[in-house]
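> here is my input; please provide its structure:
(one chain, ligands or ions: 1)
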Amino acid sequence: MTSAAPDSAILQLQGASFGYADRAVVKDLDLRVEPSEVIAVLGPNGSGKSTLVRGLLGLNGHLEGTVRVLGEDLAHLKDRYRLGYVPQRHTLSASVRATVEEIVAIGRLPHQSWFARRSALDDQLVRESLELVGLSDRAREDVSTLSGGQQRRVLIARALAAQPRVLIMDEPTAGVDEASQIVLADVLHRLVERGTTMLIVTHELAALRDLVTRIVVISGGRLRFDGDPTSYAERRAADEIAHAHGGHHHDDELPTRRGTPTGALGPVDHLGASDA
Ligand SMILES: Nc1ncnc2c1ncn2[C@@H]1O[C@H](COP(=O)(O)OP(=O)(O)OP(=O)(O)O)[C@@H](O)[C@H]1O
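Below you'll find the predicted structure:
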């Protein structure tokens, strides 16, 4: 909520631009993320969603404006593990010879000094993270024997083991079969129950519809919408009606395509139609 104290924000962006070399892809973004918010980041292909989240993680350029993470300037952020990250379309290579448990334990490395052995707390957090993603029974197995959806859950567990303050996920449900999508949505529900703050880039809002508290739409590198799921559905409906009556699009409207299903909070692939 905007009424919260200024220093309670997990993320605070003001006039922030992100991109590559000196080319800004995401421009002039104002965004404030409070604890326990679950934010879906939507938008057409190539609109800059990954550039935004990778920019927050320091993986591509932060070119302008201010970005504060837990009150600290991004450029001087210590303890980067506080930003947990599950990368896009990533599964573990078949050539990785490691058990599920070993991969998750990597999440504990930022908490360990180079000479120290894994502590009882490390082991406990690895166990708990595996339990949260429903993979305790696979802990000792080689990760390469797991399905794509299960490997995605291993990566979520690895991020959780680091005890991040916010979990940033780039299309967690993409490219996995429907059964795995349901399991992943269950995992995310469990995280919501624990009050985990999440920023989730997705094209599959329907899979996450019950858990998001806020929706942000990026199109053409700009923030086009920021509001709760009800206002998003209303805005979409109004936009569809305007189109049906031959209204034309303004830049600040949500990009939509005619003739696509309009179920409130339905699939959002049609957002890709126009990148105004
Ligand atoms: N490593 C890179 N170097 C230069 N430009 C890049 C790089 N990665 C992405 N871009 C460009 O940045 C723009 C936004 O890409 P980005 O991947 O952030 O979009 P996206 O909204 O996440 O798309 P998608 O939904 O397809 O994942 C595109 O024009 C893309 O070509």
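
> can you list the residues of the protein near the ligand?
20, 25, 43, 45-51 (Cβ under 6 Å from any ligand atom). For the C-beta atoms, the positions are set from N, CA and C on the backbone; glycine is no exception.

> now list the buried members of those residues.
25, 43, 47-51 (16 or more other Cβ atoms under 10 Å).

> which ones among those map onto strands?
residue 25 (DSSP state E).

> can I get the buried ones among the residues of the chain next to the ligand in TSV including distance to residue 154?
Putting these into TSV (distance: Cβ to Cβ, whole Å) gives the following:
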residue	distance to residue 154
25	30
43	27
47	29
48	28
49	23
50	21
51	26
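
> any chance of a markdown table for the buried ones among the residues of the chain next to the ligand, columns pLDDT?
Listed next are these as a markdown table, based on pLDDT from 0 to 100:
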| residue | pLDDT |
| --- | --- |
| 25 | 97 |
| 43 | 94 |
| 47 | 95 |
| 48 | 95 |
| 49 | 95 |
| 50 | 93 |
| 51 | 95 |
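
> show me the buried ones among the residues of the chain next to the ligand that map onto helices.
Counting by DSSP state H, these place 49-51 in helices.

> how about residue 169, phi and psi?
Torsion angles at residue 169 (phi, psi; degrees, to the nearest 10) stand at phi -120, psi 130.

> pull the contacting residues for it.
Contacts for residue 169 (Cβ atoms under 8 Å, 6 or more residues apart in numbering) come out as 85-86, 156, 198-201.

> go with 10 Å
Contacts for residue 169 (Cβ atoms under 10 Å, 6 or more residues apart in numbering) come out as 41, 53, 84-88, 152, 155-156, 159, 184, 188, 191, 198-202, 208.

> may I see the ChimeraX selection of the buried members of those?
Listed next is the ChimeraX selection for buried residues among these, using 16+ other Cβ under 10 Å:
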select :41,53,84,85,86,87,152,155,156,159,184,188,191,198,199,200,201,202,208
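
> ranges for the helices of the stretch 101-250 of the chain?
Secondary structure of the stretch 101-250 of the chain (DSSP state H, counting those that start in this stretch): helices at 120-132, 148-161, 178-193, 205-208, 229-244.

> between those, which gets nearest to residue 68?
helix 148-161 (21.0 Å; Cβ to Cβ).

> the residue lying closest to residue 186 once chain neighbours are set aside: neighbouring residues, count only.
Once flanking residues are discounted, residue 186 sits nearest to residue 134: 7.4 Å by Cβ to Cβ, 6 or more residues apart in numbering. Counted with other Cβ atoms under 10 Å, residues neighbouring residue 134 total 16.

> apart from its chain neighbours, what residue comes closest to residue 13?
Going by Cβ to Cβ, 6+ apart, residue 13 has residue 31 as its nearest residue, at 4.4 Å.

> just checking, the one you found is part of a strand?
Yes - residue state for residue 31 (DSSP: H, G, I helix; E, B strand; the rest coil) corresponds to a strand.

> for it, give me its contacts.
Contacts of residue 31 (Cβ under 10 Å, 6+ apart): 9, 11-14, 16, 39, 41, 52, 56, 67, 199, 216, 218, 223, 226.

> list just the nearest of the residues you listed to residue 110.
Of these, the one sitting nearest to residue 110 (Cβ to Cβ) turns out to be residue 56, at 17.1 Å.

> and that closest one, how many neighbours does it have?
For residue 56, the neighbour count with other Cβ under 10 Å is 24.

> do I have it right that it meets residue 12?
No - with contacts counted by Cβ atoms under 10 Å, residue 56 stays clear of residue 12, the gap being 11.1 Å.

> okay, and the common contacts of the two?
Joint contacts of residue 56 and residue 12 (Cβ under 10 Å, 6+ apart) are 31, 33, 67, 69, 74.

> re earlier: now do the residue nearest to residue 13 against residue 61, distance only.
17 Å (Cβ to Cβ, to the nearest Å).

> for the residue in the stretch 51-200 of the chain positioned nearest to the ligand, what are its contacts?
Residue nearest to the ligand within the stretch 51-200 of the chain: residue 51 (3.4 Å; Cβ to the nearest ligand atom). If a contact means Cβ under 10 Å, 6+ apart, then residue 51 has 17-20, 24-26, 59-61, 218, 221 as its contacts.

> again, only this time at 7 Å
18-19, 25-26, 60 (Cβ atoms under 7 Å, 6 or more residues apart in numbering).
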